[in-house]
Structure formats: structure tokens, C-alpha cells
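Trainee: After the sequence you'll find the predicted model.
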Amino acid sequence: MMIFKRLFLLTFSFCIVSTSFSQEEDIFGITRKAKNPKSESSIGNAYRNILEQFSLEVSTGAGYQEFRTNFFSPNPDLYPLFQYQNFDEPLDISEENPLTMKGGDWVFPLFNAGVRINLFNILTIGGGYGIESGNISPMRGGNFEFPFEGASYQASKFYGTLGLILWDSSKRAKYLQWRYRRYASANLYMQSELRQRVRQIYPWRVILEAEYGNLTLKKFVDPALTQNGSYTPRLAVADPYLGFGLRLERDFSEYTKLFLKGNVDLRSFTYSASDFSEFQELDQRLYSMQLGLAIRIPGTKRCKIQGCGVVMKHMHNGIEYRGSSIFKLQDRKIGQWY
């Protein structure tokens, strides 16, 4: 839990810095222009500016998990190791020559819910809670098979993420400026084309993410083994897991977006002997693909003044209001009125 407390404190401090930067623009060192206030009070305005830095997201998908181990034990009879073929060939393993075993099966569904903050269009920090359900097939290696205590499992996790934004509208603008650098400033046609392309609404974003969290196994033991109520599971999570993923986002408005994320989780488990005198180390790889929806919390209130038909962001008594739903672009231009 210390990890998540530190993550929260780091995120909150970045929110304060981000809000202070957004409150004033000092491009040429001449003027400082505050953003339009979102509330009648200074405390409410600061609260809303911080609130709109956060986005809530949910995602679901499927994956494929694979267990691997290099099996060696001076007491192999303490493990569920069965020979399923070539019965005339006995088990021949040593510490230098272990039995390499692996087995995998599908995981469905995967579900994640969390919160995320974008830091200056450079980094993203987030965290959340996830659940998954899947099947567990026996591991096989050589002539032997290693079945688990059940044919399926459920697991939950608490996780934190750190992402690096590789590509978005601002990086596209810099790339276009680099491409048009060979045209002279007096070339009005090419400079006009550059300005139009830079101003164009670009909804795509690519993020490289790292994930770190704690996994908890649930309902992975065959009910027949727990009928007497005294059975102790032999499969256990060893350490917090680490994951890496690539995330593709598509904005539909300033507040809503869809994303597709491919991820691989690296997990460690142990499987104890029947008398719990020793254990085998198991590695699990979970390859997953998820589709999700993210909604940024709006800091600007929706205009509810009767008779006001303005669909863009506008002012009433010095306070900024939204004229459209969060699922629509707030400052739409000609040709975007839908």
C-alpha cells in the first residue's frame, strides 16, 4: 500500500504544479493571462482546475496466460508429476539438467477500472483495480505432465501505471515543423499549409506504459479438494508483478476517448510440495488485449440558463460554462456541427 500512497502524493503534487502553470501564460515575458474562472470562489476554481486533470477509465478484453518452470526436486514424488507417454523411459533430471515444462490457456474476461492523469503531455500516471478469470491447463515437458489444483482460476489486482507519451498532436506539430523547415518563411503557400496542418484536430495518441501491482488468487482450487475445509492451497503468488504495454488512444472530444491496449504481465508463483517442505518456482506470462473508454472529469459546468443556445464554451457573469455534452467537441468549427 505504500506504493499507492506515494503514487497518490506524487500525482497530487503534479496537479498543483500543472494547475499553477495553466493559470498563467507567459510566452514572451510581457503578459500573464489567467484562464477563465470556472467558479465564483477562488477555492472552487482551484478545485475545478485540479479535478479536470483526472480521467476515469474502464476497459475489458481477453488474453492468453502461460506457466513455465524448470522442474527439479530430489523428491519428485511430492509433486503432481505424471508420466503420460513413453512409459518405458523413467524420469531423469538433475540440478544441471532440469525438466523444462510449460502450459497455457485462455483468459476471459479481463476487466480494469482506474484513474489517470496526464502530466504536461509528456507522462501519464494512473492506478486502479482489476479482475480476471481464466483456465489453467497442465504444464508438460518431455514425457511428463504437471496438473494444477483446479482447471480454472479467478484473480484480482491493485496496480499503478507510468506511461511515456510517444506521439500526440503536439509531437505531430513539432514533426511537421521539422519537415517544413526547408521552406523559406517567404514561401507563403507552404507556410500557410503548415499552419493549417498544425491547427488541424489530431485525435490520436500513442503511449508506452509500465505497470506494477499486487495480484491475489481466488477460486483456483477444485471444490472436491476443499470439502473437508482443511485444504491448504499449494499454488501461491510470490512477488508483485511487472507489466509492459502499448496503448493507442483516439479522442472524440476534449473529455472522452477510446483506447486499445496490448500488454504483457510478468508474474512469479510458487508451488509447494505436498508436505510443504520445499517449493518450485513458476513464471507466468499473461498476454492481453483490452478495449476501453476514458472520460476526463469536466471542470467546467454545463450551462443551464434557459434560452441560451450557445454550444461552445462561453461566459455568464464572468464564469465559464460548457454549451455541449462532454461527448462532443466543445469548440466546434464550421463543418463540425453534429
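Mentor: Nice, thanks for sending it over. Numbers count the residues shown, from 1 in each chain.

Trainee: which residues of the stretch 151-300 of the chain fall in helices?
Mentor: Ranges of helices within the stretch 151-300 of the chain are 169-179, 188-199, based on DSSP state H, counting those that start in this stretch.

Trainee: Residues in contact with the last one: which ones?
Mentor: What it means is helix 188-199. 173, 176, 177, 180, 183, 185 (C-beta atoms under 8 Å, 6 or more residues apart in numbering). To be clear about C-beta, it is placed using only N, CA and C from the backbone, and glycine gets the same treatment.

Trainee: out of the helices of the stretch 151-300 of the chain, nearest to residue 268?
Mentor: helix 169-179 (36.0 Å; C-beta to C-beta).

Trainee: what's the angle from the closest one to helix 188-199?
Mentor: 160 degrees (axes from the mean of the first three to the mean of the last three C-alpha atoms, to 10 degrees).

Trainee: Just list what helix 169-179 packs against, helices and strands only.
Mentor: Helices and strands touching helix 169-179, by 3 or more C-beta pairs under 8 Å, 6 or more residues apart in numbering; DSSP states H and E, are helix 188-199.

Trainee: on that earlier part again, list only buried entries from the contacts of helix 188-199.
Mentor: Buried by 16 or more other C-beta atoms under 10 Å: 173, 176, 180, out of those.

Trainee: Using a markdown table, lay out the residues you listed together with distance to residue 45 and pLDDT.
Mentor: Shown next, in a markdown table, are these (distance: C-beta to C-beta, whole Å; pLDDT from 0 to 100):
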| residue | distance to residue 45 | pLDDT |
| --- | --- | --- |
| 173 | 29 | 95 |
| 176 | 35 | 96 |
| 180 | 39 | 95 |
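
Trainee: between those residues, which is closest to residue 264?
Mentor: residue 173 (31.7 Å).

Trainee: between the contacts of helix 188-199, which is closest to residue 167?
Mentor: Nearest member of these to residue 167, counting by C-beta to C-beta, is residue 173, at 11.3 Å.

Trainee: which one among the contacts of helix 188-199 gets closest to residue 149?
Mentor: Closest to residue 149, out of all of the contacts of helix 188-199 and judged by C-beta to C-beta, is residue 173, at 55.3 Å.

Trainee: what's near enough to touch that closest one?
Mentor: residue 198.

Trainee: and the gap between it and residue 182?
Mentor: 17 Å (C-beta to C-beta, to the nearest Å).

Trainee: Show me the shaky parts of the chain.
Mentor: Scanning the chain for pLDDT under 70 picks out 1-34, 333-338.

Trainee: In it, spot the strand with the most residues.
Mentor: strand 99-119 (DSSP state E).

Trainee: which of the residues in that one are buried?
Mentor: 99, 101-105, 107, 110-112, 114-119.

Trainee: just stretch 144-159 next, same as before
Mentor: 144, 145, 146, 148, 149, 150, 153, 155, 157, 158, 159.

Trainee: That one: how far from the chain's middle?
Mentor: 23 Å (C-alpha atoms, centre = their mean, to the nearest Å).

Trainee: cool, and stretch 278-295?
Mentor: With C-alpha atoms, centre = their mean, you get 12 Å for stretch 278-295.

Trainee: got the CA positions of it in CSV?
Mentor: Provided in CSV are the C-alpha atoms of stretch 278-295 (Å, rounded to 0.1, in the frame of the first residue of the first chain):
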residue,chain,number,x,y,z
GLU,A,278,10.0,-27.3,-0.5
PHE,A,279,8.6,-25.5,-3.5
GLN,A,280,9.0,-25.0,-7.2
GLU,A,281,9.3,-21.5,-8.8
LEU,A,282,6.9,-20.9,-11.6
ASP,A,283,6.8,-18.0,-14.0
GLN,A,284,3.6,-16.8,-15.7
ARG,A,285,3.3,-14.6,-18.8
LEU,A,286,-0.1,-13.0,-19.5
TYR,A,287,-0.5,-11.6,-23.0
SER,A,288,-3.7,-9.4,-23.2
MET,A,289,-5.6,-7.0,-25.4
GLN,A,290,-8.1,-4.6,-24.0
LEU,A,291,-10.6,-2.1,-25.3
GLY,A,292,-11.6,0.8,-23.0
LEU,A,293,-13.3,4.1,-22.5
ALA,A,294,-11.8,7.1,-20.7
ILE,A,295,-13.7,10.1,-19.5
